[in-house]
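In: give me a model of this one.
(chains A and B)
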Amino acid sequence: MTPLERLRAALRDTPQDEWVDAALTAAAERPETIRRSFAAAGRRVGRAPLPGVPGWTADEAARALLLAALPADRVPAETGELYRYGDADEKRAVLKALPMLAVGTAGLPLLHDAIRTNDARLLAAALGPYARHLDQAAWRQAVLKCVFTGVPLSAVNGLGERADHELAAMLAAFSDERAAAGRPMPADAAALLDRLTREEA
Amino acid sequence: MRIFDPHIHMTSRTTDDYARMAAAGVRAVVEPAFWLGQPRTNPGSFTDYFDSLIGWEPYRAGQFGIVHHATIALNPKEANDPRCRPVLDLLPRYLDKDRVVAVGEIGYDSMTPDEDDAFERQLALALEYDLPALVHTPHRDKAHGTRRTLEVVAASGLAPERVAVDHLNEVTADIVRDSGCWMGFSIYPETKMSPPRMVEILRRHGLDRMLVNSAADWGISDPLLTLETGRAMLAAGFTDDDVDRVLWRNPVEFYRQSGRLDLTAIGSTERTFAGSSIKRGGS
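Out: Presented below is the predicted three-dimensional model:
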């Protein structure tokens, strides 16, 4: 099963399955209907974690499926608009759906927007698999922002492979600042710094 | 004392206010869209503000265990500016959101033809999006403005029990009570309504359809005057249950008509701080 098929299967067990089917059909045939169905998804299917799909809630899954149901040529523009006018839950759903959509790098500005916010939920959602499109400098800054704002580094997709010498230097400088202030370094950041330092030695 | 402030502009308040409010028993707030003191000059200025009301501000409130909802509208003052009016076409983007529980603040400021048009169009949006309406009454020529407000509401087809008419006083309370609309009172340190006067109004008109708010914003105002009003009620012989009705159950009943009032996160900072979605998210 593809990730989208897994989300659809998991939503089959919710009481609003018929609404999902109707909304998906409408999104494919009359793309403008997504503006209302996308906003209403949480009220329709609920916001509970989806059994069998770790990391996804019912509303996020329904929203990802709606985006994927759009005619291919409408996906980049509608995705951008739904993010632009979305509340925090809708924005997070768009960010999480990006790796599953045929948008190429068109979603990159949304990632930059999310990383600029101080909303930890958006920052975390921006650092999923789609963050592979971020250039290395922007990605390092985003990782460091996670450490600053208390987002667990487990939210960062592919951290182990992508963390580099420059990130280690930034973490070391941050660790020095924390030590000077008499405040502890978050344990996951300290562990990452320790590993990167040992690899270089 | 648990307090639901049905009208407060938290965007203009600091985290110190949130901390004091949480300590005083404020568990839920509704933030109506209004003007910012400094006039806006384009629709984008509104959409960034609306984004804040449904994004950043609930997040900020959540850090203090306070649940935040919003009402969305083009306010009456800025309805007069042709540079701002195109935002009316963008409102549908926002009226479907989970945390939007009414269309508001709408109504009159100077009672111009442009205000008539924006008021009527937005009452129609409330019907279309199945939302209650929060209606501001003018500070100048208030009695006349309130009568005219009630005529426009009656003509709109929106049921009176789905409309709150706000910033009332001794002079305007009677006609709003008789209309079947909810009665909103903004308790201010110097202007509008004071806690002792509010107690007298509650004595005279009873507790049905009564909403008490601080309407705290960027002017001289105090987010704890809801609490002060509750204390004044108790001192005047009202019961704890009476206070709970005015400061909690009434606003819940009014905004619950939206079908979107979600109070499950009260007192929980989990979602925004540790963030259940964050814990579950990522690889």
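
In: and the pLDDT at the residue nearest in space to the middle of chain A?
Out: Centroid check for chain A by Cα atoms, centre = their mean gives A:Ala125 as the closest residue, at 2.5 Å. Turning to A:Ala125, the model gives it a pLDDT of 97.

In: surely it meets A:Arg92?
Out: Yes: between A:Ala125 and A:Arg92 there is a contact at 4.5 Å, judged by Cβ atoms under 8 Å. Glycine gets a C-beta too; all of them are placed from N, C-alpha and C.

In: phi, psi for B:Gly157 please.
Out: Torsion angles at B:Gly157 (phi, psi; degrees, to the nearest 10) stand at phi 90, psi 0.

In: show me the strands in the stretch 101-250 of chain B, by range?
Out: B:133-136, B:163-166, B:182-186, B:210-213 (DSSP state E, counting those that start in this stretch).

In: count of residues packed around residue 183?
Out: Unless you meant another one, I'm taking chain A. Applying other Cβ atoms under 10 Å in any protein chain shown, we find 8 residues neighbouring A:Arg183.

In: other chain: chain B
Out: Quick note: B:Met183 (other Cβ under 10 Å) scores 22 neighbours.

In: state the distance from the nearest residue to B:Gly219 once chain neighbours are set aside to A:Leu153.
Out: In this structure, B:Gly219 finds its nearest non-sequential neighbour in B:Gly37, 7.5 Å apart by Cβ to Cβ, 6 or more residues apart in numbering or on different chains. Look at B:Gly37 and A:Leu153: by Cβ to Cβ, to the nearest Å, they are 42 Å apart.

In: ok, the two, which is more surrounded?
Out: A:Leu153 (18 against 9).

In: was I right about the more buried one contacting A:Leu159?
Out: Yes: using Cβ under 8 Å, A:Leu153 is in contact with A:Leu159, at 5.9 Å.

In: what touches both of those two?
Out: Common contact partners of A:Leu153 and A:Leu159 (Cβ atoms under 8 Å, 6 or more residues apart in numbering or on different chains): A:143, A:192.

In: which positions in chain A make contact with chain B?
Out: Applying Cβ under 8 Å from any Cβ of the partner chain, we find that chain A lies next to chain B at A:35-36, A:39-40, A:42-43, A:49, A:54-57, A:85, A:87-92, A:96, A:117-121, A:124-125, A:127-129, A:150-152, A:154-158.

In: could you pick out the buried ones from those?
Out: Buried by 16 or more other Cβ atoms under 10 Å in any protein chain shown: A:35-36, A:39-40, A:42-43, A:49, A:55-57, A:85, A:87-92, A:96, A:117, A:119-121, A:124-125, A:127-128, A:151-152, A:154-157, out of those.

In: can you give me the helices for chain B?
Out: With DSSP state H, the ranges of helices along chain B come out as B:15-24, B:43-54, B:56-62, B:91-95, B:113-128, B:142-156, B:173-179, B:195-205, B:225-235, B:240-244, B:250-256, B:276-280.

In: helices of chain A, start to end?
Out: So, for chain A - with DSSP H - the helices run A:3-11, A:17-29, A:34-45, A:58-69, A:75-84, A:88-97, A:108-116, A:120-126, A:136-149, A:159-162, A:165-180, A:187-200.

In: tell me what the last one is packed against?
Out: Under the contact criterion of 3 or more Cβ pairs under 8 Å, 6 or more residues apart in numbering or on different chains; DSSP states H and E, the helices and strands touching helix A:187-200 comprise helix A:165-180.

In: as CSV, the helices of chain B with mean neighbour count and mean pLDDT would be great.
Out: Shown next, in CSV, are the helices of chain B (neighbours: other Cβ atoms under 10 Å in any protein chain shown; pLDDT from 0 to 100):
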stretch, mean neighbour count, mean pLDDT
helix B:15-24, 16, 97
helix B:43-54, 18, 97
helix B:56-62, 21, 96
helix B:91-95, 20, 97
helix B:113-128, 18, 98
helix B:142-156, 18, 96
helix B:173-179, 18, 97
helix B:195-205, 17, 97
helix B:225-235, 21, 98
helix B:240-244, 15, 98
helix B:250-256, 20, 98
helix B:276-280, 18, 33
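
In: tell me which of the ones you listed lies nearest to B:Leu263.
Out: Nearest of these to B:Leu263, taken as Cβ to Cβ: helix B:250-256 at 7.4 Å.

In: need the contact partners of that closest one.
Out: When contacts are defined by Cβ under 8 Å, 6+ apart, helix B:250-256 is touched by residues B:4-6, B:28, B:30, B:69, B:101-102, B:132, B:164, B:182, B:207, B:209-211, B:261, B:263.

In: need the pLDDT of B:Gly281.
Out: pLDDT, B:Gly281: 29.

In: quick check: the residue of the stretch 101-250 of chain B at minimum distance from chain A vs B:Leu168, distance?
Out: Relative to chain A, the nearest point of the stretch 101-250 of chain B is B:Tyr129 (9.5 Å; Cβ to the nearest Cβ). B:Tyr129 sits 25 Å away from B:Leu168, going by Cβ to Cβ.

In: for A:Pro3, give me its contacts.
Out: A:99-100.

In: any idea how far A:Thr14 is from chain B?
Out: 17 Å (Cβ to the nearest Cβ, to the nearest Å).

In: and that residue, how far from B:Gly145?
Out: Distance of A:Thr14 to B:Gly145, given as Cβ to Cβ: 48 Å.

In: I am finished for the moment; much appreciated.
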